[in-house]
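Colleague: sequence unavailable; structure follows:
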C-alpha cells in the first residue's frame, strides 16, 4: 500500500535524490603538471583536427564508463596476485624467484582471461607459449592520460600479454589508481612497472611476473626516461622489455636517444635472453637514422604490421611509422601471425578501430576510439610463439 506524501515533503525528497545523483563521482581530480609543449609532440604528431578525429569523439565521459567495466572476462587473479611489489618499485628478485625453468606454460595462462583466438597468451600445445606484445601510446583528451577510456578499450579489444605503454597516466596517478587501471583493463593477475617522477611516464604491463625493473636516463628530455623490465616468461630465457617515447624535435635527437639506449641495453641485458624495444619512436620513415642505430640490438626488417586495409602508418593520419614493436633476432625467429577472432594479420596488426571490421572482434572498442580527440597514435601488435624449454 503506497502512502502519498504532502507536497512540501515530496519536494524535499526529490531535491535530496537529485543532490545524491549529482554528487556521485564528483570529487575533482588534483591538478596535473602542465604539458611540456616540445615533448607532447602536438606539432609533429599529425594531431590536426581532421586527423585526430575531433568531430568523431567516442563519447567522452559516457563512453569512458563503459571501458572501466573490463574485468568481466578476466579471472581476477586466481593464480598470481600482482600485489604491491610490482607497483613501480625497482625489484631484483631474479636470483631467487626466476620461474622460467620450472613454470609450465599452462599454469602461467591460468586466469589470464583467455577469450579464444583473440587472447595472445593462450598455451598452444603445452610446449610453447604465445606472447602478444603491444606498443601503446593511445591516450586521448586534453591530459595525455587514459582517463577518457578510448585507449583502455582498444587495449582490451586485442588482449595483449605485454604492453610497452607511453604517457602512462590515470586519474591521480596514485599507486591505487594505476593498480586499478591495470586491474580493470587487463586483470588482477597482471604486473606492471611505471617510471617515477615523470610528467608523461613510460611503463610496462605484463601478464607474466616482472622480476626486475627500472629506468634509464633519457638525456634529451626532462619529463620521461626509458622504462625497462625483466619478465619471467615460461622457459629458460627471460624477456626484457623496454618502453620508449622518443622526441618529436628531429631525427638527430632521436638518433642520440637510440644510441644512449643501445649502450644501456648492451651493458645490462644478457645476449642469451629475449629483448623487445618499442613504443612511440616518432619516426618519420623506416629509413631514419635511429632505426639504423637500433639494429645493433634488435631487428627492423619487414614485412611490417598493417591494418585491415594493408596500411602501415601509425600516426593519426596514417602517413608515418611512428610506433613500433622491435625484437632481437632470438625472439624474431618465433614470430607468428596475429589472430584476432576470425581475422589473421600475417605481419602483425596496426590497430585502427575506424577501419577495423568486424568491430565485434575487438570488443569493447568503439569504431570512433582511434579517432578520439588528441588520439595521435595507433596501437601496434605482434605475436610470438616461444618454446617452454
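Modeller: Noted; the coordinates are in hand. These numbers were taken from a predicted model, which means no experiment stands behind them.
Colleague: which residues sit against stretch 281-290?
Modeller: Residues outside stretch 281-290 that contact it (CB atoms under 8 Å, 6 or more residues apart in numbering) are 41, 44-45, 244-248, 251-252, 254-255, 257-258, 291, 300, 302, 304, 320-324. To be clear about C-beta, it is placed using only N, CA and C from the backbone, and glycine gets the same treatment.
Colleague: now restrict these to buried residues only.
Modeller: Using 16 or more other CB atoms under 10 Å as the burial test, the contacts of stretch 281-290 include 41, 44-45, 244-248, 251, 254-255, 257-258, 291, 304, 320-324 as buried.
Colleague: now, which of the contacts of stretch 281-290 lie within helices?
Modeller: Mapping these onto helices (DSSP state H) picks out 251, 252, 254, 255, 257, 258, 291.
Colleague: could you dump those to TSV with distance to residue 161 and pLDDT?
Modeller: Shown next, in TSV, are the ones in helices among the contacts of stretch 281-290 (distance: CB to CB, whole Å; pLDDT from 0 to 100):
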residue	distance to residue 161	pLDDT
251	32	98
252	35	98
254	28	98
255	30	98
257	26	98
258	26	98
291	25	98
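Colleague: from the residues you listed, which is closest to residue 371?
Modeller: Relative to residue 371, the closest of the ones in helices among the contacts of stretch 281-290 is residue 254; by CB to CB it sits at 26.3 Å.
Colleague: I figured the closest one hits residue 260, correct?
Modeller: No - counting by CB atoms under 8 Å, residue 254 sits too far from residue 260 to count as a contact (10.9 Å).
Colleague: in a strand, residue 211, correct?
Modeller: Yes - counting by DSSP: H, G, I helix; E, B strand; the rest coil, residue 211 is found in a strand.
Colleague: next, count neighbours for it.
Modeller: Counted with other CB atoms under 10 Å, the neighbours of residue 211 add up to 22.
Colleague: surely it is in contact with residue 232?
Modeller: Yes - contact status for residue 211 versus residue 232: in contact at 5.1 Å, counting by CB under 8 Å.
Colleague: then residue 260 would be within a strand, right?
Modeller: No - assignment of residue 260 by three-state DSSP gives helix, placing it outside any strand.
Colleague: if I look at residue 364, how far off is residue 186?
Modeller: Residue 364 sits 13 Å away from residue 186, going by CB to CB, to the nearest Å.
Colleague: do the same with residue 232
Modeller: Using CB to CB, residue 232 is found at 17 Å from residue 186.
Colleague: who's more crowded, those two?
Modeller: residue 186 (27 against 24).
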